[in-house]
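Novice: Sharing a model prediction with you, sequence too.
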Amino acid sequence: MWEQIRDNQVRSVILVTFMGILLLLVGFAIGYYFLGDPVLGLIIAALVWGVMNLIALFQGDSIILGMSGAHKIGPDDHPRLYNVVEEMKIASGLKKMPDVYIIDDPALNAFSTGRDPDHASVAITSGLLDKLNRDELQGVIGHEIGHVNNRDIRLMMLASILLGTIVILSWYATRIMFFGGMGGGGRRGGSSGGGAAQLIILVVGLVLLILAPIFAQLIYFAVSRRREYLADASSALYTRYPDGLASALEKLENNDTKVQTANKATAPMYISNPFYKGGSAGNDLFATHPPLAERVHILRAMSGASYADYEKSYKEVTKESVIPGSALKETAAVGLREATPGAQAGELQDQLDRTRQTSDMLWKMHNYRSLNCSNCGTLLRLPPSYNQPSVRCPHCGFENPL
């Protein structure tokens, strides 16, 4: 997928440059209208742009994970999840194991972030862990590892941070403009000609302040759709079982729970947009993700697990092409595997095991203490704020000293 990687690198440069231009235009408008000196506004915007790029590159993943309420876990915290991430890391050829994070949220979703494959993280909601069997979880993790391998993560991380900067600056500028009274350099002028020129610049500045966040959002959306198909194709290749991801996407489509910590800047990073609900061609046109039903249809129609198989299936569904030519030239036949034994059969027991593992991990993540009743063996959970010398077992009434 070197062609896609190069494409992402070029898109990163174009995106950062274009958003930088938007930010400079916003700075010009702010400087002219509020400071009486457009050059000063440009200097401030350039400084903000430079600082935000550095922050996005070196701390962007930490910011995004923090905003999402994600908690880092180790192999002992959730063995099944950690094992699946290791499997997909090996299948994809990544050199370094991505960090694994959990978002305590009943919604079904996941995303990956980082500046490169050696500094990558995968975040999964607790709801996803609870609802997906092993094959489905492999499909989702394979999709996120696909984003890491294809270098999508840097592009979307930069876009998220820069978009947030433009939206915040424009938001404050428009609030000051409408609620702080008319003022600033845009109102000054001597001659009627100079006043007319200033009025034109003022109008342009106002339009930029209002439209810059919209333009930035549209740019962000424009780079986020095609990458989802390529990540789906990568997942099918890594797992050799596209039905796993297809089944997971169907569960995501049928789940209406929204990720509470998601926002407009981070939403396109998730495997499924946590806010979007389809319904019309217009909505689909401006959506950050392709329709889930279409992605499922493509995956279900695959006769093999290679990029060529995905390309063939994609063409049958959309009548277009999506896989870069370099990937198709290097592709080899990859057969499909059978479903994991026990993933479908014995679904009830598998569900109980998933719920127990996820529950145990969340108790531990929130620093609850665990102990067994000395009399009957009932497992007791104590919140970190509990400071009594003993605890009564609700099952047998025995007073357990602490």
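Specialist: Ah, there it is. Numbers count the residues shown, from 1 in each chain.

Novice: Where do the helices of the stretch 51-200 of the chain begin and end?
Specialist: Taking DSSP state H, counting those that start in this stretch, the helices of the stretch 51-200 of the chain run over residues 79-92, 126-131, 134-149, 152-179, 192-222.

Novice: how near is the residue nearest to the spatial centre of the chain to Leu402?
Specialist: Taking CA atoms, centre = their mean, the centroid of the chain lies closest to Met269, which sits 2.3 Å from it. Distance, Met269 to Leu402, using CB to CB, to the nearest Å: 43 Å. C-beta here means a position set from N, CA and C on the backbone, and glycine is covered the same way.

Novice: Same check on Leu328?
Specialist: Distance from Leu328 to Leu402, counting by CB to CB: 64 Å.

Novice: and the closest residue to Cys396 other than its chain neighbours, what are its phi and psi?
Specialist: Take Cys396 and drop its neighbours on the chain: the residue closest to it by CB to CB, 6 or more residues apart in numbering is Cys376, 4.3 Å away. Here is the backbone geometry of Cys376 (degrees, to the nearest 10): phi -120, psi -10.

Novice: Tell me which residues touch Cys376, please.
Specialist: Residues counted as contacts of Cys376 (CB atoms under 8 Å, 6 or more residues apart in numbering) are 393, 395-396, 398.

Novice: quick one: contacts for the residue nearest to the centre of the chain?
Specialist: So Met269 contacts 64, 111-113, 156-157, 160 (CB under 8 Å, 6+ apart).

Novice: Repeat the analysis, applying 7 Å as the threshold.
Specialist: Shown in contact with Met269 (CB atoms under 7 Å, 6 or more residues apart in numbering): 111, 113, 156, 160.

Novice: Just checking: the least confident one among the residues you listed is which?
Specialist: pLDDT is lowest at Ser160 among the contacts of Met269; the value there is 75.

Novice: so how many other residues sit close to the residue nearest to that one when sequence neighbours are not counted?
Specialist: Spatial nearest neighbour of Ser160, chain neighbours left out: Ala265 (4.7 Å); criterion: CB to CB, 6+ apart. Counted with other CB atoms under 10 Å, residues neighbouring Ala265 total 23.

Novice: Is Ala265 in contact with Gly164, as I believe?
Specialist: Yes: assessed by CB atoms under 7 Å, Ala265 is found in contact with Gly164 at 4.5 Å.

Novice: list the contacts for the nearest residue to Arg337 once chain neighbours are set aside?
Specialist: Spatial nearest neighbour of Arg337, chain neighbours left out: Arg240 (4.5 Å); criterion: CB to CB, 6+ apart. Taking CB under 7 Å, 6+ apart, we find Arg240 in contact with 305, 334-337.

Novice: Leu328 and Leu402: which has the busier surroundings?
Specialist: Legend: neighbour count by other CB under 10 Å for Leu328 and Leu402, higher for Leu328 (15 against 11).

Novice: Tell me which residues touch that one, please.
Specialist: With contact taken as CB under 7 Å, 6+ apart, Leu328 is in contact with 307-308, 311.

Novice: which of those residues has the most neighbours?
Specialist: Within the contacts of Leu328, Tyr307 tops the neighbour count with 25 neighbours, counted by other CB under 10 Å.

Novice: so what's that residue up against?
Specialist: Tyr307 makes contacts with 233, 237, 323, 327-328, 331, as judged by CB under 7 Å, 6+ apart.

Novice: can you redo those as CSV with distance to Gly41 and secondary structure?
Specialist: What follows is the contacts of Tyr307, written out as CSV (distance: CB to CB, whole Å; DSSP: H, G, I helix; E, B strand; the rest coil):
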residue, distance to Gly41, secondary structure
Ala233, 45, helix
Leu237, 49, helix
Ile323, 45, coil
Ala327, 45, helix
Leu328, 48, helix
Thr331, 51, coil
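
Novice: got a winner among those residues for most neighbours?
Specialist: Using other CB under 10 Å as the neighbour criterion, Ala233 leads the contacts of Tyr307 with 30 neighbours.

Novice: Look up how far Ala45 lies from that residue.
Specialist: Ala233 is 39 Å from Ala45, by CB to CB.

Novice: Name the helix or strand for Gln349, please.
Specialist: Assigned by DSSP states H and E, Gln349 belongs to helix 347-365.

Novice: brain fart, Ser247
Specialist: Following DSSP H and E, one finds Ser247 within helix 242-253.

Novice: domain parsing for the protein?
Specialist: Domain assignment for the chain, taken from automatic domain parsing, gives 1-366, 369-402.

Novice: Compare the mean pLDDT across the ones you listed and name the weakest.
Specialist: The weakest mean pLDDT among the domains of the chain belongs to domain 1-366, with a mean of 82.

Novice: Leu57: what's it in contact with?
Specialist: Arg115.

Novice: So what's the residue count around the nearest residue to Leu65 once chain neighbours are set aside?
Specialist: Distance criterion CB to CB, 6+ apart; nearest residue to Leu65, sequence neighbours excluded, is Tyr101 at 5.9 Å. Residues contacting Tyr101 under the criterion other CB under 10 Å number 21.

Novice: Distance of Tyr101 relative to Met88?
Specialist: As judged by CB to CB, Tyr101 and Met88 stand 15 Å apart.

Novice: for the stretch 301-402 of the chain, what spans make up the helices?
Specialist: Taking DSSP H, counting those that start in this stretch as the criterion, the stretch 301-402 of the chain contains helices spanning 307-318, 325-330, 347-365.

Novice: looking at those helices, which is closest to Thr125?
Specialist: Ranking these by proximity to Thr125 (CB to CB) places helix 347-365 first, at 10.1 Å.

Novice: can I assume Pro384 is in contact with Trp363?
Specialist: No: with contacts counted by CB under 7 Å, Pro384 stays clear of Trp363, the gap being 10.8 Å.

Novice: quick one, which of those two is more surrounded?
Specialist: The neighbour count for Pro384 versus Trp363, taken as other CB under 10 Å, is higher for Trp363 (16 against 9).
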